[in-house]
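# Quick one: sequence and predicted model below, then my questions.
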Amino acid sequence: MARLRTRHPIRWLLGGVVALAVLVVGGTWLYIHVIEGPAPAPLGLRSGSSASASPTVRSSAAAAAAAPAIAGQWRVASGSMVGYRVQEVLAGQNNTAVGRTSDISGSMTISGTTVSNASFTVQMATVHSDQSERDAQFDGRIMDTASYPEGTLTLSGPIELGTLPSDGVIRSYQASAKLTLHGQTRMVAFSLQAERTGASIEVSGSIPIVFAEYGIANPSFGSFVTTQDHGLLEFLVKFSRA
């Protein structure tokens, strides 16, 4: 009589676990890199022209003539966008999480060729990514949008624009502001780019955010999704005359 083959339940169990792990990792890779595709490109100005932030020397008469073209009150216009960009590891696969909203309000005042004040407000519950599960975590334990519905950015010092460039030319500037997220306010310094396009002004940039500095829970979710302890706040704001 043939000897019955001895079964090894532990070996079968381990094999099943390995197979499941391969399936999860492989399926995650397929979803991130094939089905979902790459993350949206960073927000930014797309003009082909650029110029340094250092103002060129021009006669005071010419500078004065250019100032009325931008001096006055400006308000946030349609097409503006703000959001976050965070690097995460999803089941062993690197991924970039991006969430954005166009629900932005605010204004800025330009006196001569100086941005004298500016303030912006974002409704945090309107920030959405491509994943409903991620958005639920964002609205709940991470940002607690019910308790802290708004994020604000208020310029804390003037921005000297110097000699104004022609339409379609991008210039870089430095700014300082008070940023409020999750009920915590911090001073931030960052660079931005600006461009005049006809009767409008567009401004873009990004601000590094360390979550713990704002009392924000790390976005990591168990061992399945882990993130860095920091991310970027990105913005592209379009202005029209108030």
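On my side now, so go ahead. Numbers count the residues shown, from 1 in each chain.

# Residue 185 reaches residue 154, doesn't it?
No. The pair residue 185 / residue 154 is not scored as a contact, 9.1 Å apart, by Cβ atoms under 8 Å. The C-beta positions use only the backbone N, C-alpha and C, and glycine is treated the same way.

# Could you name every residue contacting both of those two?
Here residue 185 and residue 154 have residue 178 as joint contacts, going by Cβ atoms under 8 Å, 6 or more residues apart in numbering.

# Can you tell me the closest non-neighbouring residue to residue 73?
Excluding the flanking residues, the one nearest residue 73 by Cβ to Cβ, 6 or more residues apart in numbering is residue 242, at 3.7 Å.

# Okay, and the nearest residue to residue 72 once chain neighbours are set aside sits in which element?
Once flanking residues are discounted, residue 72 sits nearest to residue 110: 6.3 Å by Cβ to Cβ, 6+ apart. In this structure, residue 110 sits in strand 104-111 according to DSSP states H and E.

# got a list of contacts for the very next helix or strand once past that strand?
On the C-terminal side of strand 104-111, the nearest following helix or strand under DSSP H and E is strand 114-123. Here strand 114-123 makes contact (Cβ under 8 Å, 6+ apart) with 76, 82, 101, 103-110, 149-155, 158-161, 237.

# related to what we said a few turns ago, residues contacting the residue nearest to residue 72?
70, 71, 72, 74, 116, 161.

# which residues does it bridge with?
Residue 110 has the following beta-bridge partners by DSSP bridges: residue 72, residue 115.

# Distance of it relative to residue 213?
Using Cβ to Cβ, to the nearest Å, we find residue 110 at a distance of 31 Å from residue 213.

# what about residue 164, how many neighbours?
Number of residues near residue 164 (other Cβ atoms under 10 Å) recorded here: 19.

# Determine the three-state secondary structure at it.
Classification of residue 164 using DSSP: H, G, I helix; E, B strand; the rest coil returns coil.
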